[in-house]
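**Q** Mind folding the following:
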Amino acid sequence: MGAHPPTSHAVPTAGEPGGGTANRSPDGLQAGLKNRHLSMIAIGGVIGAGLFVGSGAGIAAAGPGILLSYALTGLLVVLVMRMLGEMAAASPTSGSFSAYADRALGRWAGFTIGWLYWFFWSVVLAVEATAAAAILTSWIPSVPQWAWALLVMMVLTGTNLVSVGSFGEFEFWFAGIKVVAIVIFIVVGALAIFGLPPGHHAVGTSNLFEHGGFLPKGPGAILSGMLLVVFSFMGSEIVTLAASESPNPVMAVRKAVNSVIWRIALFYIGSIAVIVTLLPWDDPEVAKSPYVAVLKSLHIPYVDVLMDVVVLTAVLSCLNSGLYTASRMAFSLGERGDAPKSFATVNKRGVPAVAIWASVAFGFVATIFSYTSKDTIFQFLLNSSGAVALFVWLVICFSQLRMRRTIEREMPERLTVRMWLYPWLTYATIALIIFVVGYMFYDKNGRQQMVLSVVAAVVVLIAGLLLDKRRPREAAQQPAVTEEQA
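**A** Numbers count the residues shown, from 1 in each chain. Coordinates of the predicted model:
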């Protein structure tokens, strides 16, 4: 389980016939994602349905101080993405941080974090399919909710099976709608704050400091707010997996990493700042649905329908990218011998069909549980995957500490993205993540989620150690084989 140097997954120059192998990465995946796809995946990856729906709970927990919660969590994500970008620019691969952990820390680390990440996104498939079905059922109640969940799951499975370009095209438009909606919301809200719309008086900053002050529930509420918002940032790392299926993965990673600061500042901090400035944080409507509450206060017609459309788009985007992400992680695990070898096969279109079907099958089972055992089995799945984001970020930090030295020694020319103030800022990031983990154990609302997530991680880790003992180390990132060869 020793460390080994990173291998290159640079993609050959585009321009060869799409159905051949010349336009594929060394692992056999089709390099079918265009620059505009990757740009929108990077931008839209940080805008999940949790921002539109779940942010109300954070505002209720911390008041206007939720801005500090988002700022601290955003800083954490920026630092982690910088580390991941450093490794991904040096060696783009579909396994991303799991493959880097395998190389830098040992097979047990890559196995454990890879399967936990796959588990997280497979559960997300059920969450998003159920959420989409609820919205669609409210529009067309004659169709059962389970039928809508089945339909959206099958449609997006189909787009992923057709080609990676099909996934990219759907995600481009889904993410585009989310981005446009957020930008319009911020612009309209900012105008209202300054009293520019007719019939509105300038609100100013009074709502930030009245109603109990900026921190109405004390400084500790900032950390409580972090626990509520930290998981809404999961998805920022998807672009590092997708980059290996583009003509120029290094450039794609570099652009995504360099833009993460303004993306978080604009979409998260910007939109939440509009909400807590325009409306009192303790307004019951804000806790229920903050974005709808703002739009209603501005007397915008059909606001409920408009918000349903935006949330549905965000949900479908998350489902689409979640299926893609889970399948690519399963593909990478299959390549490294940490999953069935069939997961590492690609069809003639360069798509890992077996990995996609395996991921969606687990998602279907979880979706069934969301209807039949919502408060038992499904709740267990949610809680046991809830802290995976923090585990992923920790593994990225420790991997970067080891990989940086390897890259500097063996391939310094590939160090085109550098972590700031290495290694001290990496150590500081590790300390902050461990502090958040510790606070989750302390906080009564986060304790169950953290305990069950740790149990899940220990089970996967033990499985990885036992598997590693039973066989010799195989070369990481074996070339994928096609279904015809398998």
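
**Q** Strands of the stretch 301-450 of the chain, start to end?
**A** 345-346 (DSSP state E, counting those that start in this stretch).

**Q** just for it, where's the confidence low?
**A** Counting by pLDDT under 70, the stretch 301-450 of the chain shows no low-confidence range.

**Q** And for the stretch 101-250 of the chain?
**A** For the stretch 101-250 of the chain, the ranges with pLDDT under 70 are 197-200.

**Q** The helix or strand where Ala109 lies - contacts with which helices or strands?
**A** Secondary structure assigned from DSSP states H and E places Ala109 in helix 107-139. Using 3 or more CB pairs under 8 Å, 6 or more residues apart in numbering; DSSP states H and E, the elements in contact with helix 107-139 are helix 96-104, helix 145-162, helix 303-335, helix 353-372, helix 377-385, helix 388-410, helix 444-470. For glycine as for every other residue, the C-beta is placed from the backbone atoms N, C-alpha and C.

**Q** quick one: buried residues of it?
**A** 107-137 (16 or more other CB atoms under 10 Å).

**Q** cool, and stretch 171-185?
**A** Glu171, Phe172, Phe174, Ala175, Gly176, Ile177, Lys178, Val179, Ala181, Ile182, Phe185.

**Q** which phi and psi does Thr376 have?
**A** phi -120, psi -90 (degrees, to the nearest 10).

**Q** That one - how many residues pack around it?
**A** Neighbourhood size, Thr376 [other CB atoms under 10 Å]: 10.

**Q** can you offset everything so residue one is 205?
**A** In the new count, where the first residue is 205, that last one comes out as Thr580.

**Q** How far off centre is stretch 369-378?
**A** 16 Å (CA atoms, centre = their mean, to the nearest Å).

**Q** His241: which of the helices and strands packed on helix 311-343 is closest?
**A** Of all the helices and strands packed on helix 311-343, helix 507-539 sits nearest to His241, with 11.2 Å by CB to CB.

**Q** so the closest one versus helix 300-308, what angle?
**A** In terms of direction (axes from the mean of the first three to the mean of the last three CA atoms, to 10 degrees), helix 507-539 departs from helix 300-308 by 30 degrees.

**Q** picking up where we left off before, now the helix holding Ala313 against helix 507-539, angle please.
**A** Using the same axes, to 10 degrees, helix 311-343 lies at 150 degrees relative to helix 507-539.

**Q** Next, the angle helix 581-589 makes with helix 311-343.
**A** 140 degrees.

**Q** what mean pLDDT would you report for stretch 275-285?
**A** Averaging the model's pLDDT scores along stretch 275-285 yields 92.

**Q** neighbours of the nearest residue in space to Val387 that is not next to it in sequence, just the number please.
**A** Excluding the flanking residues, the one nearest Val387 by CB to CB, 6 or more residues apart in numbering is Leu470, at 7.9 Å. Counted with other CB under 10 Å, residues neighbouring Leu470 total 16.

**Q** and the most centrally placed residue in the chain, which of the three is it?
**A** Taking CA atoms, centre = their mean, the centroid of the chain lies closest to Gly439, which sits 1.3 Å from it. Three-state assignment for Gly439 (DSSP: H, G, I helix; E, B strand; the rest coil): coil.

**Q** From what I see, it and Gly252 are in contact.
**A** Yes. The pair Gly439 / Gly252 is scored as a contact, 5.9 Å apart, by CB atoms under 8 Å.

**Q** OK, contacts around the residue nearest to Val387?
**A** By CB atoms under 8 Å, 6 or more residues apart in numbering, the residues touching Leu470 are Ile386, Val387, Ile390.

**Q** Which of the helices or strands spans the last one?
**A** Which is Ile390. helix 368-397.

**Q** who does that helix touch, helix- and strand-wise?
**A** helix 239-248, helix 349-366, helix 475-482, helix 494-501, helix 507-539.

**Q** got the angle between the first one and helix 368-397?
**A** In this case it means helix 239-248. Using the same axes, to 10 degrees: helix 239-248 against helix 368-397 is 50 degrees.

**Q** What of the fourth one?
**A** Between the axes of helix 494-501 and helix 368-397, defined by the same axes, to 10 degrees, the angle is 50 degrees.

**Q** Mind checking what secondary structure Gly236 has?
**A** Quick answer, by three-state DSSP: Gly236 is coil.

**Q** Lovely, talk soon.
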